[in-house]
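Visitor: Show me how the following folds:
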Amino acid sequence: MTRLILAAVVAAHGLIHLIGFVVPWRIATVTGFPYRTTAAGGLADLGDVGMRLVGVGWLVCAVGFVVAGIGIARRAPWALALTSGLAVVSLVVCLIGLTETAAGIVVNLAILGAVAWVMRARTTAVEVAR
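Guide: Numbering: from 1, shown residues only. Just a heads-up that it's a prediction; the model follows:
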């Protein structure tokens, strides 16, 4: 049951990443996520092209998290490693997208914590089995 909840959270987090793609590419407007060319709460101006490149990062995370969620649900051996890597990349794009993406930082940290907990539980189970 815990595995399926983690899988659903990871996949849903991926779908939410689509916001970071569709807004800079001007495919859609999303309330609360205005189009802009500045990053990190206005600290850097990346311009239109720079924000579209960041948008590609959001898209990669979106697709990757959905794939990772499916992998977690199916107990694929690569799924937790993929999830961890994507959460780190997602933290970076969330920092670029601040202030609107602060909640994503919290979700990524929770995902990393859940993955660490699962990995520790697996290690403990193996040690006990020995």
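Visitor: Find the least confident helix or strand in this protein, judged by mean pLDDT.
Guide: For the chain, counting by mean pLDDT, DSSP states H and E, helix 102-129 ranks last in confidence among helices and strands (a mean of 87).
Visitor: list the buried ones in stretch 90-100?
Guide: Using 16 or more other C-beta atoms under 10 Å as the test for burial, stretch 90-100 gives 90, 91, 93, 94, 96, 97, 100. (C-beta placed from N, C-alpha, C; glycine too.)
Visitor: Next, count neighbours for residue 6.
Guide: The tally of other residues near residue 6 (other C-beta atoms under 10 Å) stands at 22.
Visitor: likewise the one 3 residues further on?
Guide: Around residue 9 sit 17 other residues, with neighbours defined as other C-beta under 10 Å.
Visitor: distance of the nearest residue to it once chain neighbours are set aside from residue 94?
Guide: The shortest distance from residue 9 to any non-neighbouring residue, by C-beta to C-beta, 6 or more residues apart in numbering, is to residue 111 (7.0 Å). Applying C-beta to C-beta, to the nearest Å, the value for residue 111 to residue 94 is 12 Å.
Visitor: And residue 13, by the same measure?
Guide: Residue 13 sits 11 Å away from residue 94 when distances are taken as C-beta to C-beta.
Visitor: What strand or helix carries residue 99?
Guide: Under DSSP states H and E, no helix or strand contains residue 99.
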